[in-house]
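J.: heads up, no residue letters with this:
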């Protein structure tokens, strides 16, 4: 089968690999119908994900059809259309029972697919702990509508949930890339008083204004003044940092009011520093870390009833055989790309 493979730093190749087989009674084999490229895949390519294993098939955003299941799989069966969770988790350890599934103590716990075990930019994928890792797609939800459920939508939902957004809040979202927009969609579910999006790219600013006209938009060079003018207590009540640069990290805490919540959604290429003397007296609460992707069933329900729609994010479609062209487009951000869908014929 075709599989896009991490060879080494800076090098991915489309290779012919053996079709995966069941290795455990809790596994499922899924025929991938649609997958996508994530910025985290680019982090692997650039060598900034030390846990990534050379030789693995990349990709962790996908939907497909269950082809076979192990004897102990109870929630899905062959023929079911399913989303695939970015995280592998057993559901039984201390962290899983607390809902902290990113910290599952299984050897493949957390982000494994497309990082430490073969992922889904391929014709087939093996999903460990299928009862936790797969969710059936409702009949009225298409593959394209469900494509981002297991990763960037789960990330946005997690970020909005842990940020404790209230109806009185001004929420600042830094970054209007794909994850930023998914975070925006999930923050809107909380119905805060206002949402401000900070973005530098002209097309993405217009995308936000066009699709979400009730959201305020500002460029980075004026974000501090804009937030001060459009908040009630000297800054944003909640800041969600989804851009992932040194400048946006500082921007996040500078634009927060005293005693605000700052949630770090982004994955950084290098270490960031908290300049505590500069921050003294702000009494901020930082919430950080990888997504706990255990809300996929609820997210699918919200899509099914029309409360979340990510289909406008898919701006380009390629066949899996053209995956290298798709990566070049996505990484260079040409042609106003937001997300790319990879179709398996």
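T.: Okay, I see it. These numbers come from a predicted model, not from an experiment. Numbers count the residues shown, from 1 in each chain.
J.: separation between the closest residue to residue 70 other than its chain neighbours and residue 131?
T.: Among residues not flanking residue 70 along the chain, residue 25 sits closest, at 4.0 Å (C-beta to C-beta, 6 or more residues apart in numbering). To be clear about C-beta, it is placed using only N, CA and C from the backbone, and glycine gets the same treatment. Residue 25 sits 11 Å away from residue 131, taking C-beta to C-beta, to the nearest Å as the criterion.
J.: Return every residue with contacts to both of those two.
T.: Shared contacts of residue 25 and residue 131, defined by C-beta atoms under 8 Å, 6 or more residues apart in numbering, are found at residue 73.
J.: ok, the residue lying closest to residue 8 once chain neighbours are set aside - contacts?
T.: Leaving out its chain neighbours, the residue that sits closest to residue 8 by C-beta to C-beta, 6+ apart is residue 54, at 5.3 Å. Counting by C-beta under 8 Å, 6+ apart, residue 54 makes contact with 6-8.
J.: could you flag which of those are buried?
T.: Those of the contacts of residue 54 that meet the buried threshold are residue 6, by 16 or more other C-beta atoms under 10 Å.
J.: Between residue 25 and residue 131, which has more neighbouring residues?
T.: Legend: neighbour count by other C-beta atoms under 10 Å for residue 25 and residue 131, higher for residue 131 (18 against 11).
J.: Quick check on the one residue sitting closest to the centre of the chain: phi, psi?
T.: Nearest residue to the geometric centre of the chain (C-alpha atoms, centre = their mean): residue 152, 2.1 Å. With angles defined as degrees, to the nearest 10, residue 152 sits at phi -70, psi -30.
J.: Any stretches of the stretch 51-200 of the chain with poor pLDDT?
T.: By pLDDT under 70, the stretch 51-200 of the chain has no low-scoring segment.
J.: I'd say residue 170 and residue 236 touch.
T.: Yes. Counting by C-beta atoms under 8 Å, residue 170 does reach residue 236; the two are 5.0 Å apart.
J.: Which one's more surrounded, the two?
T.: Neighbours were tallied for residue 170 and for residue 236 using other C-beta under 10 Å; the higher tally belongs to residue 236 (30 against 24).
J.: So that one versus residue 212, what's the distance?
T.: From residue 236 across to residue 212, the span is 17 Å (C-beta to C-beta).
J.: Go ahead and measure how far stretch 198-215 is from the middle of the chain.
T.: With C-alpha atoms, centre = their mean, to the nearest Å as the basis, stretch 198-215 stands 19 Å off its chain's centre.
J.: Show me what counts as buried in it.
T.: By neighbour count on 16+ other C-beta under 10 Å, the buried set for stretch 198-215 is 198-199, 204-205, 207-208, 212, 215.
J.: Can you pull out the residues in contact with that stretch?
T.: Stretch 198-215 is contacted by residues 172-177, 180-181, 184, 188, 195-197, 217-220, 223, 243, 248, 251, 312, 333, 336, 338 when judged by C-beta under 8 Å, 6+ apart.
J.: Can you list which of the residues you listed are found in helices?
T.: Residues of the contacts of stretch 198-215 located in helices (DSSP state H): 180-181, 184, 188, 223, 248, 251.
J.: List just the nearest of these to residue 31.
T.: Using C-beta to C-beta, the shortest approach to residue 31 within the ones in helices among the contacts of stretch 198-215 belongs to residue 181, at 28.5 Å.
J.: Could you tell me how many residues sit around the closest one?
T.: By other C-beta under 10 Å, the residues close to residue 181 number 29.
J.: same question, residue 148
T.: Neighbour count of residue 148, defined by other C-beta under 10 Å: 30.
J.: residue contacts, it?
T.: Shown in contact with residue 148 (C-beta under 8 Å, 6+ apart): 36, 61, 178, 182, 310, 313, 339.
J.: For it, grab phi and psi.
T.: Main-chain torsions, residue 148, degrees, to the nearest 10: phi -100, psi 10.
J.: What separation is there between it and residue 311?
T.: Distance of residue 148 to residue 311, computed by C-beta to C-beta: 10 Å.
J.: what helix or strand does residue 105 sit in?
T.: Using DSSP states H and E, residue 105 maps to neither a helix nor a strand.
J.: That one contacts residue 94, correct?
T.: Yes. Contact status for residue 105 versus residue 94: in contact at 7.3 Å, counting by C-beta under 8 Å.
J.: got the buried residues for stretch 262-281?
T.: Neighbour counts over stretch 262-281 (16+ other C-beta under 10 Å) mark 262-268, 272 as buried.
J.: Show me which of those is closest to residue 125.
T.: Comparing the buried residues of stretch 262-281 against residue 125 with C-beta to C-beta places residue 267 closest, at 21.9 Å.
J.: ok, back up a step: going by neighbour count, which of the contacts of stretch 198-215 are buried?
T.: 172-177, 180-181, 184, 188, 195-197, 217-218, 220, 223, 243, 248, 251, 338.
J.: one step back: just the buried residues of stretch 262-281 now: which is nearest residue 255?
T.: residue 262 (9.1 Å).
J.: pretty sure that closest one contacts residue 254?
T.: No. Using C-beta under 8 Å as the test, residue 262 is too far from residue 254 to be in contact (10.0 Å).
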